[in-house]
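Compute the structure for the input listed below.
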Amino acid sequence: MRNKEEIKELLNYFRTTENKDLKFDEEAIYAAYEKNDDHQSLAVKILSIFGGILASLAFLGFLFITGLYDSTGGLLILGILLIAGGIFINTIYNTTIFDTVSVSSYIIGFVLLTLGLFKMEMTENTVSLICILIAAVSLVIVRSYIIAFIAVLMISGCILTLIISNHNSELIHLYTSFLAIMVTAVFLKEAKIITLHPAFSKLYSPVRIGLIFSFLAGLVFLGNDFIEVTGNYIWITSVVIILTILYVLSHLFEVLNISQTSQKAGIYIVTMALLLPTLLSPAISGAILIILVSFLVNYKTSLAVGIMAFIYFVSRYYYDLHFTLLTKSILLFSSGILFLGLYLLTRKKLTTNEKV
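Residues are numbered from 1 along each chain as shown. I've put the predicted structure just below:
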């Protein structure tokens, strides 16, 4: 809502459509929307994150020049103080400048604390578990978009570190399968989640986009880009993602007013047939899942991320020497038909409800 006239028009619409005499606290609604308008856009938040990262790198370089790296106690104490300071600043102030300062302090603190723990000759498992604990505590304390987003990425990154350091690369299949289910649940159960507790409503957006990037990271690892993953269990991730896509389709039917059982069954069968070739490449079906859930809830940021991920995964799959050209052609052909079918289906249904 951009102004009071639009809000008032919407409230009048609700009053005329309901038989009951509805009463609204208009002043409170106006105040809430004015407060919401003061929040930074996602683009500003992203710039703030990158600004914080660059500032952190510059400050870390200065600290290492001064010889702080030689002091284990100094690394630990300063790291803890900077993490606590970043969280404290973020809970007190809510402006772009202080967001950048808090992000810089938070990131620098994590880097220094990690270096200090390694200098104490702790194992990667211990350091990763400590970082997961601190990031989880940050999520409980902080209600900031940026810190919460970084904390989610920190947790997922540490879990991936645990998988790699213990040479249990096959666990990446369970990781991506779990995140596929989590992403689907978080997107489709938005109303229930944000109404459980006021804190959930503030953490929902950063956690949601954090889960998307964590899921994409798992899909990238599945492509043998960083760790060696055998193809023996890759079907597990593919099956889970395909099942979640079918579940999302059931919700999409409700939005598009598709009620005929035969029509639903036909769409399910065609979708299954088109997705079966992606058993060998769950990254492609994972990107399709992100696109579908983003389209369903009209989340443009995630939709754009899903489209870019789909283009990247298809391109990478095309140049993968592990598969024949025939296999690649079948998969690309099937994906193309699936998206054309979804386009025609949604366009036909949305055109009939264009006024809405």
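
Just the C-alphas of stretch 113-125, formatted as CSV.
Written as CSV, here are the backbone C-alpha positions of stretch 113-125 (Å, rounded to 0.1, in the frame of the first residue of the first chain):
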residue,chain,number,x,y,z
LEU,A,113,36.8,-17.0,16.4
THR,A,114,37.3,-19.8,13.8
LEU,A,115,41.0,-19.0,13.4
GLY,A,116,41.4,-18.9,17.2
LEU,A,117,39.7,-22.3,17.6
PHE,A,118,41.9,-23.8,14.9
LYS,A,119,45.0,-22.4,16.5
MET,A,120,43.9,-24.3,19.7
GLU,A,121,44.2,-27.4,17.5
MET,A,122,40.5,-28.2,17.6
THR,A,123,39.2,-30.5,14.9
GLU,A,124,37.0,-29.3,12.0
ASN,A,125,34.1,-31.1,13.5
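
What residues of that stretch count as buried?
113, 114, 115, 116, 117 (16 or more other Cβ atoms under 10 Å). The way it works is simple: take the backbone N, C-alpha and C, and place the C-beta from them, glycine included.

Among these, name the ones in helices.
113, 114, 115, 116, 117 (DSSP state H).

picking that back up, so can I have TSV of the buried residues of stretch 113-125 showing distance to residue 107 and pLDDT?
Below are these laid out as TSV (distance: Cβ to Cβ, whole Å; pLDDT from 0 to 100):
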residue	distance to residue 107	pLDDT
113	11	88
114	11	88
115	13	85
116	15	87
117	16	89
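
what's the closest of these to residue 234?
Each of those was checked against residue 234 using Cβ to Cβ; the closest is residue 114, at 31.6 Å.

got a list of what the closest one touches?
79, 127, 131 (Cβ atoms under 8 Å, 6 or more residues apart in numbering).

Tabulate the buried residues of stretch 113-125 (TSV), appending distance to residue 74.
Formatted as TSV, those follow (distance: Cβ to Cβ, whole Å):
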residue	distance to residue 74
113	11
114	14
115	10
116	8
117	13
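
Looking at the residues you listed, which is nearest residue 211?
residue 114 (23.1 Å).

what ranges do the helices span in the stretch 101-250 of the chain?
Secondary structure of the stretch 101-250 of the chain by DSSP state H, counting those that start in this stretch: the helices cover 124-141, 145-165, 171-188, 190-196, 198-222, 234-255.
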